[in-house]
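Undergrad: Quick one, fold the following:
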Amino acid sequence: MEAICVANEKSGVKNETIRLTMSQALLKFLDNQYIEVDGEVKKFVKGIFGIFGHGNATGLAEALEREESDITLIQGKNEQGMVHTATAYAKQKNRQEIYACTTSIGPGALNMVTAAGTATVNRIPVLLLPSDNFATRQPDPVLQQIEDPSDYTMSATDAFKPVSKYWDRIVRPEQLMTACLNAIRVLTDPVDTGAVTLALPQDVQAEAFDYPVEFFKKRIHTVERRTPSEVALDRAVELIKSKKKPFIIAGGGVHYSLATNELKQFIEDFQIPVGETQAGKSALAWDHPMYMGGTGANGSKASNVLAKDADLIIGIGTRLTDFSTASKVAFQNPEVEFLSINVCSMDAMKMESQMLIADAKVALAELSDRLKDENYTSGYEASELSSLKEEWDKEVDRLFNLQSEEGLEQSQVIGELNKFIDEKDIITCAAGSLPGDLLKLWRSSHPKTYHMEYGFSTMGYEVQAALGIKMAEPDREAYAIVGDGSYLMLHSELVTSLQENKKINIVLLDNHGFQCIHGLQVGQGSEGFGNEFRYRNASTNQLSGEYMEFDFAAHARSMGAKGYTANTVEELRDALEKAKQETVSTLIHVKTLPSKVPGYESWWRLGVAEVSNSEKVKNAYENMEEKLNQARKY
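TA: Alright, predicted model coming up:
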């Protein structure tokens, strides 16, 4: 399409415009967005995941089909699934590259809401382009339209508002310009990033406007590293100097700020042990002397013992959720104080922390220089730290070699996989008992080899995430470790991995249902109710009959993947070897027992029934009340 010049009669200025549909203009704009980090410029929007229907089939799809651009279409198979894939891609790329996602109206759009929440909670940028009702309202009510008799402006896309960091509805084609600029502002912001939703009415997608050519210029969005203020830095140094037993909790911000080397140097200089969150794991190699494992409800014994006794907790790029703080009972030293290094003030203030609002990479470097000038070192005895670490490493080895005559133990399978894969291969997981076991047991040697979604803990993220990881890291093997419950929730993008020739590996641990929640119930006095995959018992009308049996390997093969079954260690090792040699996606169906990995000096708060006819439940409630007396109140 040719640009035209329109003269302004009063000023004489020539305004060059180009006539495009709103969809064509959106595509052209996205194709010219770049991000700059530390002087390196990258194309920001790599492509669009799409499932077409009424709403976008003749709008955005037409633009993607006809317009020249470097934006590639990836055909999704489930709207939620494709957003999970886009989220995983952006997470693996440290939020420096993204995919957009387009859907039809109604249920197609609503299918993305859960995934939008996943991206926003984890602070991962993803651009959502759900179609919407006709802005003209002329053919109302249209197929799949929600009609609210009290507010006719309400549609399915309004459901995205609470799970989006920015939301807009484009009811005129010229509104696209301000909407796009705001969308990119949020998507590239380290603090405010998350899901961005632009609702696109199906008629407006196809309407044309004379857009200024200037709107489509190459835009480079520079992510500036926030430096700490001198006052905050001085206070942080004074706080650290006053403490003998500081303990670091490393969060996802260490990865996103590319600060893994700075963290390593910092702890070596000042002999400060490190625990990690799910998002922070792999920031430090497991065999580093200062590495103590996960912290909190699913933490290691070494990490939780140190956290309990620490007089200073230094959080780096972490939200300090209930899992990493063990529902605020992890820190029992009466003299304990908190220092939080974070670009986000909302995160930095948690646990009544002294805030150091800054980029992690910059903050660690500047803190290090100051503390060296003060000749600071922690007060830990080297033997104290080495003894804790050695004891924990032996416990991991024990669990890796745990055996049962009844079948494969979950920790045993994790150990076999950990020993088998290459050090730079990447695992992903999200829900069930696996995240807790992986945080405790998985041994990462390199950054970005452990990809866990545990902000939302979204069942169904795993398989889809493996595809996003493989797209981001094509030269590495990507492994989704998933339970049978999560796999049944969502596995649609396995087909997309085959379509795109992006090999992923699924290790499916089949323990007959939602055993994680089953275990939570039993731990709080229940006998277990409604969480195992059993047939209904006709005599009791309960789901207490025989276990249901599935052939997940055959299911994978039916879609074109390679499927294997493993019921013994030898069969698992053989399946892993075969899967590694394959050039297409694989699934290994492993029958396992429910996890036997215990908790270590940890707790997680659940709402236990205050009144019950069960003595077990009453005891569980009393235990909860006792723990709450040890917890910080805010």
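Undergrad: center of this structure - which residue?
TA: residue 453 (3.3 Å; CA atoms, centre = their mean).
Undergrad: how deep is the nearest residue to that residue once chain neighbours are set aside tucked in, by neighbour count?
TA: What sits nearest to residue 453 in space, not counting adjacent residues and going by CB to CB, 6 or more residues apart in numbering, is residue 430, at 4.2 Å. No exception for glycine: its C-beta is placed from N, CA and C like everyone else's. Per other CB atoms under 10 Å, the neighbour tally for residue 430 reads 30.
Undergrad: how much space between residue 430 and residue 525?
TA: 28 Å (CB to CB, to the nearest Å).
Undergrad: for the residue nearest to the centre of the chain, phi and psi?
TA: Phi and psi for residue 453, reported as degrees, to the nearest 10, are phi -100, psi 100.
Undergrad: what about it, distance to residue 465?
TA: 7 Å.
Undergrad: who touches both of these two?
TA: By CB atoms under 8 Å, 6 or more residues apart in numbering, residue 453 and residue 465 have these common neighbours: 87-88, 428, 430.
Undergrad: ok, of these, which come out buried?
TA: 87-88, 428, 430 (16 or more other CB atoms under 10 Å).
Undergrad: can you tell me which of those are in helices?
TA: 87-88 (DSSP state H).
Undergrad: As a check, name the ranges of all strands in the stretch 251-400 of the chain.
TA: For the stretch 251-400 of the chain, the strands defined by DSSP state E, counting those that start in this stretch occupy 274-276, 291-294, 312-316, 337-342, 354-357.
Undergrad: so which of those gets nearest residue 608?
TA: strand 291-294 (24.6 Å; CB to CB).
Undergrad: how about the helices in the stretch 451-600 of the chain?
TA: 461-472, 484-489, 493-499, 515-523, 552-558, 569-581 (DSSP state H, counting those that start in this stretch).
Undergrad: Who are the packing partners of the shortest one?
TA: This points to helix 484-489. The elements that helix 484-489 packs onto, with contact taken as 3 or more CB pairs under 8 Å, 6 or more residues apart in numbering; DSSP states H and E, are helix 461-472, strand 505-510.
Undergrad: one more time with 7 Å, if that's ok
TA: strand 505-510 (3 or more CB pairs under 7 Å, 6 or more residues apart in numbering; DSSP states H and E).
Undergrad: correct me, but residue 127 touches residue 183?
TA: Yes. Under the criterion of CB atoms under 7 Å, residue 127 makes contact with residue 183 at 6.4 Å.
Undergrad: Dump the strands of the stretch 251-400 of the chain to TSV, plus mean neighbour count, mean pLDDT and distance to residue 243.
TA: As requested, the strands of the stretch 251-400 of the chain are exported to TSV (neighbours: other CB atoms under 10 Å; pLDDT from 0 to 100; distance: least, CB to CB, whole Å):
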stretch	mean neighbour count	mean pLDDT	distance to residue 243
strand 274-276	29	98	15
strand 291-294	27	98	17
strand 312-316	27	98	4
strand 337-342	26	98	7
strand 354-357	20	98	12
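Undergrad: Would you tell me which of those strands gets closest to residue 95?
TA: strand 337-342 (15.1 Å).
Undergrad: so where's the stretch 301-450 of the chain shaky on pLDDT?
TA: Judged against pLDDT under 70, the stretch 301-450 of the chain has no low-scoring part.
Undergrad: Map the structural domains onto the sequence of the protein.
TA: With domains defined by automatic domain parsing, the chain comprises 17-222, 230-388, 401-512+548-591.
Undergrad: In TSV, list those domains along with distance to residue 598.
TA: Below are the domains of the chain laid out as TSV (distance: least, CB to CB, whole Å):
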stretch	distance to residue 598
domain 17-222	28
domain 230-388	10
domain 401-512+548-591	9
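Undergrad: OK, contacts around residue 618?
TA: Residue 618 is in contact with residue 612, counting by CB atoms under 7 Å, 6 or more residues apart in numbering.
Undergrad: looking at this, it is in a helix?
TA: Yes. Checked against DSSP: H, G, I helix; E, B strand; the rest coil, residue 618 lies within a helix.
Undergrad: thought the residue nearest to the centre of the chain was touching residue 122?
TA: Yes. Here residue 453 reaches residue 122: they are 6.3 Å apart, a contact under CB under 7 Å.
Undergrad: Let me know whether residue 174 touches residue 209 as I believe.
TA: Yes. Between residue 174 and residue 209 there is a contact under CB under 7 Å: 5.2 Å.
Undergrad: Please say which of those two ends up with more neighbours.
TA: Using other CB under 10 Å as the criterion, residue 174 and residue 209 rank with residue 209 on top: 20 against 14.
Undergrad: what about the more buried one, which helix or strand?
TA: strand 208-212 (DSSP states H and E).
Undergrad: Flag every buried residue along that strand.
TA: Buried residues in strand 208-212 (16+ other CB under 10 Å): 209-212.
Undergrad: same deal with stretch 466-475?
TA: 466-473.
Undergrad: Contacts only, for residue 545.
TA: Residue 545 neighbours (CB under 7 Å, 6+ apart): 534-537.
Undergrad: I'd like to know which of these is nearest to residue 135.
TA: residue 536 (48.7 Å).
Undergrad: Please list all residues in contact with the closest one.
TA: By CB under 7 Å, 6+ apart, the neighbours of residue 536 are 543, 545.
Undergrad: Ramachandran coordinates for it?
TA: phi -70, psi 130.
Undergrad: Scan this structure for its longest helix.
TA: helix 382-400.
Undergrad: With just CA atoms, put it into PDB.
TA: What follows is helix 382-400, C-alpha atoms only, in PDB (Å, rounded to 0.1, in the frame of the first residue of the first chain):
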ATOM      1  CA  ALA A 382      33.000 -22.500  57.600                       C
ATOM      2  CA  SER A 383      32.400 -25.800  59.200                       C
ATOM      3  CA  GLU A 384      28.800 -24.900  60.100                       C
ATOM      4  CA  LEU A 385      27.900 -24.200  56.500                       C
ATOM      5  CA  SER A 386      29.800 -27.100  55.100                       C
ATOM      6  CA  SER A 387      28.200 -29.500  57.600                       C
ATOM      7  CA  LEU A 388      24.700 -28.400  56.700                       C
ATOM      8  CA  LYS A 389      25.400 -28.600  53.000                       C
ATOM      9  CA  GLU A 390      27.000 -32.100  53.300                       C
ATOM     10  CA  GLU A 391      24.100 -33.400  55.400                       C
ATOM     11  CA  TRP A 392      21.600 -32.100  52.800                       C
ATOM     12  CA  ASP A 393      23.500 -33.500  49.800                       C
ATOM     13  CA  LYS A 394      23.400 -36.900  51.500                       C
ATOM     14  CA  GLU A 395      19.700 -36.600  52.000                       C
ATOM     15  CA  VAL A 396      19.100 -35.800  48.300                       C
ATOM     16  CA  ASP A 397      21.300 -38.800  47.400                       C
ATOM     17  CA  ARG A 398      19.100 -41.000  49.700                       C
ATOM     18  CA  LEU A 399      15.900 -39.800  48.100                       C
ATOM     19  CA  PHE A 400      17.300 -40.300  44.600                       C
END
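Undergrad: Which residue, other than its chain neighbours, is closest to residue 115?
TA: Nearest to residue 115 is residue 83, by CB to CB, 6+ apart, at 3.4 Å.
Undergrad: Now do the stretch of helix or strand the one you found belongs to against helix 461-472: the angle between them, please.
TA: Under the criterion of DSSP H and E, residue 83 resides in helix 79-92. Helix 79-92 runs at 50 degrees relative to helix 461-472, counting by axes from the mean of the first three to the mean of the last three CA atoms, to 10 degrees.
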